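Participant: okay, here's the prediction I keep looking at, along with the sequence it came from:
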Amino acid sequence: MNKELRAQLESTTQHFKPSTKITILTGAGMSAESGIPTFRGKGGLWEKYDPEECATAEAMRERPWRVWEMHDELRQVLARHKPNPGHFAIAQLEELFENLVVITQNVDNYHQDAGSTRVLEMHGNAWRVRCTAEDRSWMDKTVPYPKLPPKCQCGADLRPDVVFFNEQLDRDVLNSAFGETVKADVFLVIGTSYVVVPAAYLPLMAKENGAVLININTEPTDIAAFADISILGRAGEILPKLVKMLKGKFGI
Ligand code: OAD
């Protein structure tokens, strides 16, 4: 580990006590090392699919097969990959700090697959489906679907239980995310480009409510301007190092 990174991680650990309230916001960069392309990076899903055509409520009504074509491909990609050491490190943090919640913009379920139990999914879950007629949702890991669009037992189309581009976020999830943000002593932002609202409001909201803001990203982002500590690097490499240092600090 280079000197600068060690110093940054050491000053990060100073803010952690077992009773510290920790809120973690993750974006697509969190899963980049799992092999999932980020939204705005090279090879991202939106290079291949037009969001207007494949990820809106109108598209779901008018061209459900097209929406599902993209979504089924996403599910196939997710099924071929798995959580990376960064996801596992966050799950370990939950064992060290009882007051820790993850807010994720990712729909891949990798935090839960790695063992995190307190996860707020701002943009839904790619493995959950919802009946368009009955407003019921459930996890369905069928991949790929033999026929698109998949149907509910009632005969109506199923839709992915993710938030489409022109849709509102789930109010309860959003309220919980705001609540976890304002209560945070330490707010960690990991692998998000800080351009999609309302998730992008959360770091500033945390800071305004007294949290120490720590940012981990491979690129400089606008969050760096007001973060207390900005660590340039890969989540899957930095987070296991942070956990190791914290365990050393707590004698575990
Ligand atoms: P983006 O693709 O916009 O940004 C990914 C961020 O991760 C960038 O800032 C990268 O520099 C950073 N990054 C890449 N690899 C990394 C790594 N290994 N470690 C740490 N950081 C890394 O993805 P999001 O910010 O998540 O919304 O995008 C937010 C939302 O935009 C998504 O949830 C999605 C999309 O529209 C919906 O699907 C509703």
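Facilitator: Yep, it's here.
Participant: so the residue in the chain positioned nearest to the ligand: helix, strand or coil?
Facilitator: Closest to the ligand within the chain is residue 29: 2.3 Å, counting by Cβ to the nearest ligand atom. In short, each C-beta sits where N, CA and C put it, glycine included. Judged by DSSP: H, G, I helix; E, B strand; the rest coil, the three-state class of residue 29 is helix.
Participant: that one reaches residue 236, doesn't it?
Facilitator: No. Counting by Cβ atoms under 8 Å, residue 29 does not reach residue 236; the two are 9.7 Å apart.
Participant: so where is the stretch 1-150 of the chain shaky, pLDDT-wise?
Facilitator: Along the stretch 1-150 of the chain, no part satisfies pLDDT under 70.
Participant: strands of that one, start to end?
Facilitator: According to DSSP state E, counting those that start in this stretch, the stretch 1-150 of the chain carries its strands in the segments 22-26, 100-104, 119-121, 124-131, 137-139.
Participant: deepest-packed of the ones you listed, please.
Facilitator: Highest mean neighbour count among the strands of the stretch 1-150 of the chain (mean count of other Cβ atoms under 10 Å): strand 22-26, with a mean of 27.
Participant: adjacent strands (with direction) for that one?
Facilitator: According to DSSP bridges, strand 22-26 forms sheet pairs with strand 100-104 (parallel), strand 186-190 (parallel).
Participant: format those strands as CSV; extra columns: distance to the ligand.
Facilitator: Shown next, in CSV, are the strands paired with strand 22-26 (distance: least, Cβ to the nearest ligand atom, whole Å):
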stretch, distance to the ligand
strand 100-104, 8
strand 186-190, 6
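Participant: can you redo these as CSV with distance to residue 84?
Facilitator: As requested, the strands paired with strand 22-26 are exported to CSV (distance: least, Cβ to Cβ, whole Å):
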stretch, distance to residue 84
strand 100-104, 14
strand 186-190, 12
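Participant: nearest to residue 169, of the ones you listed?
Facilitator: Nearest of the strands paired with strand 22-26 to residue 169, taken as Cβ to Cβ: strand 100-104 at 11.2 Å.
Participant: contacting residues around that closest one?
Facilitator: 21-27, 30, 90, 93-94, 111, 116, 118-123, 177, 180-181, 199, 202 (Cβ atoms under 8 Å, 6 or more residues apart in numbering).
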